[in-house]
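Undergrad: need a 3D model of the following:
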Amino acid sequence: MKKILYVLVICFTSCVFMGCDEDGTISDRADSDATNEHTISDNDTGKVNTVNIIIGDKKFVAELQDNETAKEFIKLLPMTVNMQELNGNEKYVYLDKNLPTAFYNPCTINSGDIMLYGNNCLVIFYKTFSSSYSYTKIGHIKEVGPLEDALGKENVIVKWE
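TA: All right, here's what the predicted structure looks like:
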């Protein structure tokens, strides 16, 4: 009985450690999710696709992932939305259009992450924290220092270009 229990504990521990890479991404994802690791690039110039995010008088630049979600998101731009406050760590807005998804649990959400919750809820995270929820990554805001101040504690108008 002790051997069986020992083997079960080892198997469970292995599964837990295989769940997240050191960068907080799931290491055991399906091939369709593997594209979440790279930003969209222009094959001719090597430039990374970026979007401008304007909040009040502050401008942020976000690098986008190389996935179908980010490609479809770009087609919605430019747009101006009223993003709602949630949990003291994120702003969200429901889009009029459903986007393709490739859900994964990042284990750790980082300040500046731009994610899709479900198939039409756009989220900007302005604090880093652990999460058990699954998202589709759209991109990441490069300079997050003033991000929390810009987003504030209330709902906020955000321009995406």
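
Undergrad: run through the residues that contact residue 156.
TA: 55-56, 82-83, 85, 91, 150 (CB atoms under 8 Å, 6 or more residues apart in numbering). Any C-beta I mention is one placed from the backbone N, CA and C, and that applies to glycine too.

Undergrad: for it, name its beta-bridge partners.
TA: Beta-bridge partners for residue 156, by DSSP bridges, are residue 83.

Undergrad: follow-up on the earlier one: out of the contacts of residue 156, which sit inside strands?
TA: Among the contacts of residue 156, the members falling in strands (DSSP state E) are 55, 82-83, 85, 91.

Undergrad: can you pull out the strands in this protein?
TA: 50-55, 58-64, 79-86, 90-94, 108-109, 113-117, 121-125, 129-130, 136-141, 156-160.

Undergrad: returning to that earlier point: scan the contacts of residue 156 and report the most crowded one.
TA: Taking other CB atoms under 10 Å as the neighbour criterion, residue 91 ranks highest of those with 22 neighbours.

Undergrad: list the contacts of that one.
TA: 83-85, 123-124, 126, 151, 155-156, 158.

Undergrad: for those, which ChimeraX command selects only the ones that are buried?
TA: In ChimeraX, a selection of the buried entries from the contacts of residue 91 looks like this (16 or more other CB atoms under 10 Å):
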select :83,123,124,126,151,156,158
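
Undergrad: dump the contacts of residue 91 into a markdown table; add pLDDT and distance to residue 65 as well.
TA: Putting those into a markdown table (pLDDT from 0 to 100; distance: CB to CB, whole Å) gives the following:
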| residue | pLDDT | distance to residue 65 |
| --- | --- | --- |
| 83 | 98 | 20 |
| 84 | 98 | 23 |
| 85 | 97 | 25 |
| 123 | 98 | 14 |
| 124 | 97 | 14 |
| 126 | 95 | 19 |
| 151 | 90 | 21 |
| 155 | 95 | 26 |
| 156 | 96 | 23 |
| 158 | 97 | 19 |
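
Undergrad: quick check, nearest of the contacts of residue 91 to residue 137?
TA: residue 123 (10.5 Å; CB to CB).

Undergrad: what's near enough to touch that closest one?
TA: Here residue 123 is in contact with 90-92, 113-117, 135 (CB under 8 Å, 6+ apart).

Undergrad: I'm done for today, thanks for sticking with me.
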